[in-house]
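Participant: Got a predicted structure here, sequence first:
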Amino acid sequence: MKVKLTVEKARERVAKFGQKIANSNLILGTWGNISCRMLDEEQVVITPSGVSYECMRPTMPVVVDMDGEVLEGELKPSSEVKVHLAVYAARNDLNGIVHTHSPYASALAVSGTPIPPMLEDMAALIGGEVPVAEYAIAGSDQLAENTVKTLGDKNAVLLANHGVVGVGRDVEEAYNVCLMVERCAQIYVLTKLIGNTNTLSPEDVDTLRDFYLTKYGQR
Ligand SMILES: [Zn+2]
């Protein structure tokens, strides 16, 4: 899955997945953001701030260094660039991050309710529970710190009163994590209405995750 991207290709992918989060109703308007870390280079390609995904051309995503300094691009990087850089600094296994404001996941983020490990595909892709990071205002150093601390070694975290951060080995996997979080949030709310939620054991979660990471798919 580790394919070395040129800056041009990374920008294309960031713009493409921006259109996908808009078309999948994971965000409204210009909210949400996407980034891709360049392998072997201390650079991150991230969506620009406040540009509609419909209008986003492949040349618009911004290249920043690990301190957030703009290296290439004429636009301002996403206002959530600190979250992205802090997560990459803490996790060498990640090269893609997608941040969305999808409705069911946001409802759980508002109520401070983690999503328990309850479906096999969720265990495989996310690695267990989706926890809720303590509230801090958007764009702050504190939000970046809370996100990293609560994410730990999982692939998704809810941000209290805000939305979702999904991470992956590439942007596509991070996007799939965000879709999965929204689907699981919907199912969890439904099980609350039904009245009972049976969760998976930690042992089964570990087995499913390990299978996904080491044996799943065509290799
Ligand atoms: Zn946001």
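Facilitator: Received, thanks. Numbers count the residues shown, from 1 in each chain.
Participant: quick one: contacts for the residue most central in space within the chain?
Facilitator: With distances taken as Cα atoms, centre = their mean, the chain has Gly166 as the residue nearest its mean C-alpha position (2.0 Å). If you count contacts by Cβ atoms under 8 Å, 6 or more residues apart in numbering, Gly166 has them with 97-100, 155-156, 174-178, 180-181. Placement of C-beta: from N, CA and C, glycine included.
Participant: Identify each buried residue in stretch 212-219, please.
Facilitator: If you call a residue buried by 16 or more other Cβ atoms under 10 Å, then stretch 212-219 has these buried ones: Tyr212.
Participant: Now do the buried residues in the longest helix anywhere in the chain.
Facilitator: Ordering each helix of the chain by length in residues (DSSP state H) puts helix 171-194 first. The neighbour-count criterion (16+ other Cβ under 10 Å) identifies 171-189 as the buried residues of helix 171-194.
Participant: got it, and stretch 33-52?
Facilitator: Taking 16+ other Cβ under 10 Å as the criterion, stretch 33-52 shows 33-38, 43-49, 51 as buried.
Participant: Val45 and Asn33 touch, don't they?
Facilitator: No. In this structure Val45 lies outside contact range of Asn33 using Cβ atoms under 8 Å: 11.4 Å.
Participant: do you know how far Thr150 is from Pro48?
Facilitator: 27 Å (Cβ to Cβ, to the nearest Å).
Participant: Inside strands: which ones of the buried residues of stretch 33-52?
Facilitator: Secondary structure assignment (DSSP state E) places 33-37, 43-46 from those within strands.
Participant: so which of those residues would you say is closest to Ala160?
Facilitator: Asn33 (18.0 Å; Cβ to Cβ).
Participant: ok, the residue lying closest to that closest one once chain neighbours are set aside - contacts?
Facilitator: Nearest in space to Asn33, with sequence neighbours left out and distances taken as Cβ to Cβ, 6 or more residues apart in numbering, is Ser78 at 3.8 Å. When contacts are counted by Cβ under 8 Å, 6+ apart, Ser78 touches 33, 35, 46-49, 62, 84.
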